[in-house]
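Chemist: Need the 3D shape of this:
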Amino acid sequence: MGSLPATFKDAVTICRLLKVSYLWIDSLCIIQDSDEDWRSQSATMADIYANAFLTIAASDSENATKGLFRTADPDFRGKPLPGHSGVYVRPLKDSGITWPLLKRAWVFQELVLSPRVVHFGPNEIIWQCRRAVKSQGRKREEVISTSIHDLNMISRAKEKLQSKDSNLTAIWHEMVRLYSQRRLTYSKDRLPAIAAIAKTMQSLRPGDEYIAGIWRSTLFFDMLWRTRFGQAEWTEGLLAAVKKRMAGSIPTWSWASISAGVEWGVADTVLSNVEILEVRYTVHGPTVSGAITEAAITLRCPLISFWDIRHRLDVPISLEEAINERISPGSNEMTHDNPQWDDVGLAPCHDIQARLCLLFLALKQGPSIWPGDRQRALIVMEKDRPDHYVRLGIVDVHYAGWWAITLRPGDPGYVEGYHVDGLTEKYNDRLKEMLEEMDTEIVTLL
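Modeler: Residues are numbered from 1 along each chain as shown. As a prediction, the model looks like this:
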C-alpha cells in the first residue's frame, strides 16, 4: 500500500468502508508496456465495467497522484439562512471547466457501461447511474455545471443503449460523437478505447460485421461522418495530412482515422443503385480492438467529378427563379457548398492537382429544413491505382434552386417567413432521381 499513488490508496479506503472485497485498477491489472495485453484486455472492458458493483471516478484529478478527496471552495459551502434554523444555502456557481477525467477518451466507455459511478469532483460528490445524475443538494445540474451536463448526455446515451432501442444507427452515432471529442495520448488507441462499447453494440446486432468503427449493415450511413473542425482559411498541407493518414493502419473512410470530434447528418435513404461488392477487413487480435492489417471497401455507386460542379455562390439564383424551378434552367444546376476537409476544416477548395470526385451513397428524403437537412457526398481522391480512392472530406451538394429557398437570415435574397412546403421536397426527390438514373462505377476505398 505504501508505494501506491494517492488515488489508488483512496480507492482502497472507499472499498474497505463499503466492504467491497475486490478492486480493479486498469493500470495495475493490465500490462502497460504490452500492446498484446492492451488489445486483449480492452476487448473485455465491457464485461469488467458492466458487472462492477461501483466505479470510483477521480473526476477532478489529472493523474493518479492527486487523490480523490478535496476541500470545498469556501464560496461553494452552504451558509445559514437567516431566520430559518437548520437551513443552509449556497450560490449556484460553476467554473465552466470540464473535470480533467471527463476529457479522457478511455474513460468514456467506463462511464457508459458502469451501472453506477461515484464522481469525486472539485467541490462535491456526484452520483451517476443508468437513470440519473445527482449532486449534493443541487437541482438543474445541467444549467450550472458543464461537467454534470456532460454526464447527463452520457447517461441519456447509456439509457438508450441499455433499453435496446431499435434505432441502433443513431445510438452508435451519438456514442461516437460523444467519445470522439475526448483526448487520447496515443492515436493508435482510437478504436481500442471504444472497443467495449462496440462489443456491447455487437450483441445487439447479431450477424452484423464491425469494420474499423462502422457497421456493415449501415455502412452507407456510417461513412457520412464529418469532422467538427471550425472554419478554415486555407487548405495548404491538406494532401500532406491525407498522406499521413494513408500511412496509418486505419482506413481514411473510418472516423477513427481522424483525431478530431465527428458527427453525422440526417441521411435516411440509400440510393437504389449503390451496393457493396466486397469488404476486405482483417485484424490481428480481437475484432473490436485488434491491430488492423487490411481494410478496403469496394462499392458500385454514382461518381461525379468534383471539378464539373460549381460552387453555389457562383450560380446566382433568385428566390423567384427557385420557386418557378421548372422554367429556370439555372435552378436545376447541381452545386456544392464549401467542403468540410477531414484534416483541415470548412474551407473553399483551392487548386489541388489531383482527380477529386464526389461519391454518393445515401440522401435525406422528403422536405428539408435549414440548416441540418442537406445532401452530402464524400470527396475522394484517386490514388496511384485506377479506381482506388482515399477520403478527403465531405461536402453539401444540391441544386442551386434548393440553396435559394433555404437561405438563412442575413443572406442576400432571404425572405422572412417564406413558406416553402413541398418545394424542398421536390428538389430532394429530383436529385435522388437524377443520381439513381446515372451510370455507376466500381470504386475501392482505402
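
Chemist: What strand or helix carries the closest residue to Ser21 other than its chain neighbours?
Modeler: Computed as CB to CB, 6 or more residues apart in numbering, the closest residue to Ser21 that is not its neighbour in sequence is Cys15, at 7.8 Å. Where C-beta positions appear, they are placed from N, C-alpha and C, glycine not excepted. Assigned by DSSP states H and E, Cys15 belongs to helix 6-17.

Chemist: For that helix, which outside residues touch it?
Modeler: 1, 4, 21-23, 25, 28, 56, 58, 61, 63-69, 118 (CB atoms under 8 Å, 6 or more residues apart in numbering).

Chemist: buried sites along that helix?
Modeler: Within helix 6-17, the residues that qualify as buried are 6-8, 10-12, 14-15, counting by 16 or more other CB atoms under 10 Å.

Chemist: tell me which of those residues is nearest to Thr444?
Modeler: If you rank these by distance to Thr444 using CB to CB, Thr7 comes first, at 48.1 Å.

Chemist: If I look at the closest one, what pLDDT would I see?
Modeler: Thr7 carries a pLDDT value of 89.

Chemist: Distance of it relative to Val274?
Modeler: As judged by CB to CB, to the nearest Å, Thr7 and Val274 stand 50 Å apart.

Chemist: Kindly report the same for Asp150.
Modeler: 37 Å.

Chemist: Met381 now?
Modeler: Taking CB to CB, one finds Met381 at 20 Å from Val274.

Chemist: do Ile317 as well
Modeler: From Ile317 to Val274 the distance is 29 Å (CB to CB).

Chemist: ok, those two, which is more surrounded?
Modeler: Ranked by neighbour count (other CB atoms under 10 Å), Ile317 and Val274 place Ile317 first, with 23 against 19.

Chemist: and the more buried one, what is it in contact with?
Modeler: 328, 330-331, 400-401, 403-404.

Chemist: just curious, which of the residues you listed is nearest to Ile292?
Modeler: Among these, and counting by CB to CB, the member closest to Ile292 is Trp403, at 39.0 Å.

Chemist: could you point out which element follows the lowest-mean-pLDDT helix or strand in the chain?
Modeler: Lowest by mean pLDDT, DSSP states H and E among the helices and strands of the chain is helix 141-144, with a mean of 48. Sequence-wise, the next helix or strand downstream of helix 141-144 (DSSP H and E) is helix 146-162.

Chemist: just checking, next helix/strand downstream of that next one?
Modeler: Next element after helix 146-162 (DSSP H and E): helix 168-180.

Chemist: if we can go back for a sec, so which of the contacts of Ile317 comes closest to Ala46?
Modeler: Nearest to Ala46 among these: Trp403, at 44.7 Å, using CB to CB.

Chemist: and that closest one, how far is that from Met334?
Modeler: Taking CB to CB, one finds Trp403 at 11 Å from Met334.

Chemist: In terms of packing, which of the two has more residues around it?
Modeler: Trp403 (24 against 20).

Chemist: For the more buried one, pull up the helix or strand it's in.
Modeler: helix 400-405.

Chemist: packing partners for that helix?
Modeler: Judged by 3 or more CB pairs under 8 Å, 6 or more residues apart in numbering; DSSP states H and E, the packing partners of helix 400-405 are helix 319-323, strand 334-336, helix 423-437.

Chemist: just how off-centre is it within its chain?
Modeler: Counting by CA atoms, centre = their mean, to the nearest Å, helix 400-405 is centred 29 Å from the centre of its parent chain.

Chemist: tell me which residues in that helix are buried?
Modeler: 400-405.

Chemist: same check, this time on stretch 290-308
Modeler: Buried residues in stretch 290-308 (16+ other CB under 10 Å): 290, 292, 295, 297-299, 301-304, 306.

Chemist: what's the first-to-last distance across that stretch?
Modeler: In terms of CA to CA, to the nearest Å, the two terminal residues of stretch 290-308 are separated by 41 Å.

Chemist: quick check: mean pLDDT across that stretch?
Modeler: 93.

Chemist: any idea how far that stretch is from the chain center?
Modeler: 20 Å.

Chemist: swap in stretch 49-69?
Modeler: 25 Å.

Chemist: State the mean pLDDT of that stretch.
Modeler: Per-residue scores along stretch 49-69 average to 88.

Chemist: Where does Phe220 sit: helix, strand or coil?
Modeler: Under the three-state scheme (DSSP: H, G, I helix; E, B strand; the rest coil), Phe220 adopts helix.

Chemist: Equivalent analysis for Ile394, please.
Modeler: strand.

Chemist: mind showing which ranges of the protein have poor pLDDT?
Modeler: For the chain, the stretches flagged by pLDDT under 70 are 38-39, 42-43, 91-97, 137-146, 162-165, 231-236, 350-351, 366-373, 407-421.

Chemist: tell me the domain boundaries of it?
Modeler: 6-162, 212-446 (automatic domain parsing).

Chemist: Indicate which one of the ones you listed is closest to Tyr179.
Modeler: Nearest of the domains of the chain (CB to CB): domain 6-162, 4.7 Å.
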